[in-house]
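S.K.: kindly generate the corresponding structure for this input.
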Amino acid sequence: MMVWTRLTKEDYVTTAWSGGTTTQLAIAPEGAVYADRDFLWRLSSAGVELEHSDFTPLPDYVRLISVLNGDLDMKIGEEDRFSLTPLTVRSFDGGTPVESWGKCTDFNLMLRKGRSQGSAQALVLEPGSVCSWAAAVPAPQDFTHCTIALYCVSGSVRLPEGGVTAAAGEMLLCRDADCEMIHMESPEGASVMAAVIYSR
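M.R.: Okay, here's the model as predicted:
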């Protein structure tokens, strides 16, 4: 049976960056410091407060980003500028220059190149519904450790098997997951960002 931890705002760490503030939801290994740039993976939610900003370069990491609310246009390297649709996930190399336009709250997953892989996706649960979810990306053979994170964007979500519930702004985290099917239920409806992380 997987053991889940419910993380709340009191467990998060909020710091400033060039375009606003970023809230660290979880990091590995536990106790790692983001500024040292030697972490394995990191989940965060940033508040973009400037109409135009530049992303912090992270050449050792692959980044995944999604907009939770607000509007965000991005330009990744030499690509054309585009609008990131809310709850759509886009991945890019952390070493590539990125510009953004618009104010929003986003969701980020950072993965150390060569040491971790993962994916993130949005799940929308209708009121009174039950959802069964499993990671769409299978574990690479040489990445034997699995972590699953469920960040509740709105409403509330409950895991019947784990007996835990997360409200909006809270996250359910299992650092030693078996990557089996996860069952969720939501009496009031919910939006959830689900992330799976494989590491050595």
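
S.K.: C-alpha from now on. contacts and neighbour counts both.
M.R.: OK.

S.K.: name the single longest strand found in the chain.
M.R.: Secondary structure of the chain per DSSP state E: the longest strand is strand 145-159.

S.K.: quick one: mean pLDDT over it.
M.R.: Across strand 145-159, pLDDT averages out at 96.

S.K.: got the phi/psi numbers for the residue lying farthest from the centre of the chain?
M.R.: Using Cα atoms, centre = their mean, the residue of the chain lying farthest from its centre is residue 78. It sits 25.3 Å away. Note on residue 78: its backbone torsions stand at phi -90, psi 0 [degrees, to the nearest 10].

S.K.: the one 3 residues further on too?
M.R.: For residue 81, the backbone dihedrals are phi -60, psi 140 (criterion: degrees, to the nearest 10).

S.K.: give me the number of residues near it?
M.R.: 14 (other Cα atoms under 10 Å).

S.K.: which residue comes closest to it once chain neighbours are left out?
M.R.: In space, and not counting its chain neighbours, residue 81 is closest to residue 75: 4.4 Å by Cα to Cα, 6 or more residues apart in numbering.

S.K.: my guess is that neighbour contacts residue 84. True?
M.R.: No. Applying Cα atoms under 8 Å as the test, residue 75 and residue 84 come out as separate, 10.2 Å apart.

S.K.: returning to that earlier point: now the element after the longest strand of the chain, going C-ward?
M.R.: Once strand 145-159 ends, the next helix or strand along the chain (criterion: DSSP states H and E) is strand 164-167.

S.K.: right, I'll leave it there.
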